[in-house]
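Undergrad: Everything below, folded, please.
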Amino acid sequence: MKRNPLGKSLDLLRWMLENDLESVGVRPAAKALGLTPSGAHRLITSLVEEGFLQREDGDTGRYVLGVEIMLIAQRTASRWPLRNIAMASMRALSEESREAVLLNLFDSARGENIGIASVETQQEVRYVIELFKWKPVHAGAAGLAVMAFLQDDERQCIIERTGLAPATSRSLSSVEALEATLETVRQRGYAITLGQRIEGSVGIAAPIFGSRQRVFGSVGISMPEQRFKSQIEARFAQLVMECADTITRKLDGRQAAHLPLRPISDMRAAL
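TA: Next up, the predicted model:
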């Protein structure tokens, strides 16, 4: 067993991540790491003080990953292999669509998305893509593409925490409308929204899956509404889903659990 506090702290964080734990209690941590309950409590308290863990909402006595650990991930995102894995596919998607492309990560502790990489469009009329800014998952295509594939209890927590506060006048504000939309996303394999998070913006996004087929984030395109025509939805959706599946396979070696994909050449012939 490691004796130094840093090693023990890293063991605790690694144990949570490797076992896909959304929260941890003192006694389970002590048992897993071979510590006394008092030793585990001191370790968790230290991590809370540094911002790497935080108390779970409610009087549960459990802890979730904190903001600081995500901030470190943000600041090193450009050096992280995921960006290198995704960028070639993102550039190809931008070239095919001639629109901006954004890669998002989902943080289960916060229940929000954060953009970590983008490819800008060369068209004159465009939206500036903001990276490293937390975004809700109940508004906008990038978020809905993630929320549709969360567990029921995860979705419910997000609904309760946000109250489905609208980002624009076109945001989904009722649970019924949201759930109906998420079911459509699951059936199609992609989300499309018009002005839900940013007025005048159209987004098309598909989920990226990691280990155990858990939704990891999303990738999608964004364009001004004035440039969007309904007849291009099928083509753009196909391109986005291909991009998402390519990234998923590189991350986990398996195809994402949504609609079968047709080759781009077949799709073009049908249009």
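Undergrad: helices or strands up against the helix or strand containing R186?
TA: Using DSSP states H and E, R186 falls within helix 175-188. On a contact count with 3 or more Cβ pairs under 8 Å, 6 or more residues apart in numbering; DSSP states H and E, helix 175-188 meets helix 141-147, helix 152-162. Backbone N, C-alpha and C define where each C-beta goes, glycine included.
Undergrad: what sits up against the shortest one?
TA: Meaning helix 141-147. 102, 104, 106, 113, 115, 135-138, 155, 158, 181-182, 185, 190-193, 196-197, 203-207, 215, 217-218, 220 (Cβ atoms under 8 Å, 6 or more residues apart in numbering).
Undergrad: which of those residues count as buried?
TA: Among the contacts of helix 141-147, those classed as buried by 16 or more other Cβ atoms under 10 Å are 102, 104, 106, 113, 115, 135-138, 155, 158, 181-182, 185, 190-193, 196-197, 203-207, 215, 217-218, 220.
Undergrad: Just the residues you listed: which are in strands?
TA: The strands, defined by DSSP state E, take in 102, 104, 106, 113, 115, 135-136, 191-193, 203-207, 215, 217-218, 220 from the buried ones among the contacts of helix 141-147.
Undergrad: residues in contact with stretch 175-194?
TA: 138-142, 144-145, 147-149, 155, 159, 164, 170, 172, 201-206, 220, 225, 228, 233, 237, 240-241, 256, 258-259.
Undergrad: Show the buried residues in these.
TA: Of those, these count as buried by 16+ other Cβ under 10 Å: 138-142, 144-145, 147-149, 155, 159, 164, 172, 201-206, 220, 228, 237, 240-241, 256, 258-259.
Undergrad: Any regions of the stretch 1-150 of the chain where pLDDT drops low?
TA: In the predicted model, the stretch 1-150 of the chain carries pLDDT under 70 at residues 1-3, 73-82, 125-128.
Undergrad: Would you map the strands across it?
TA: 24-25, 53-55, 62-65, 100-107, 112-119, 134-136 (DSSP state E, counting those that start in this stretch).
Undergrad: Would you mind writing the CA trace of the top helix by length along the chain as CSV?
TA: Longest helix in the chain by number of residues (criterion: DSSP state H): helix 233-252. Provided in CSV are the C-alpha atoms of helix 233-252 (Å, rounded to 0.1, in the frame of the first residue of the first chain):
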residue,chain,number,x,y,z
GLU,A,233,-30.6,17.7,-43.1
ALA,A,234,-30.3,14.0,-44.1
ARG,A,235,-26.9,14.6,-45.7
PHE,A,236,-25.5,16.6,-42.8
ALA,A,237,-26.9,14.2,-40.3
GLN,A,238,-25.2,11.3,-42.1
LEU,A,239,-21.9,13.1,-42.1
VAL,A,240,-22.1,13.9,-38.4
MET,A,241,-23.0,10.4,-37.4
GLU,A,242,-20.1,9.0,-39.5
CYS,A,243,-17.7,11.4,-37.7
ALA,A,244,-19.1,10.4,-34.3
ASP,A,245,-18.8,6.7,-35.0
THR,A,246,-15.2,7.1,-36.3
ILE,A,247,-14.2,8.8,-33.1
THR,A,248,-16.1,6.2,-31.0
ARG,A,249,-14.3,3.3,-32.8
LYS,A,250,-10.9,5.0,-32.2
LEU,A,251,-11.7,5.5,-28.5
ASP,A,252,-13.2,2.1,-27.8
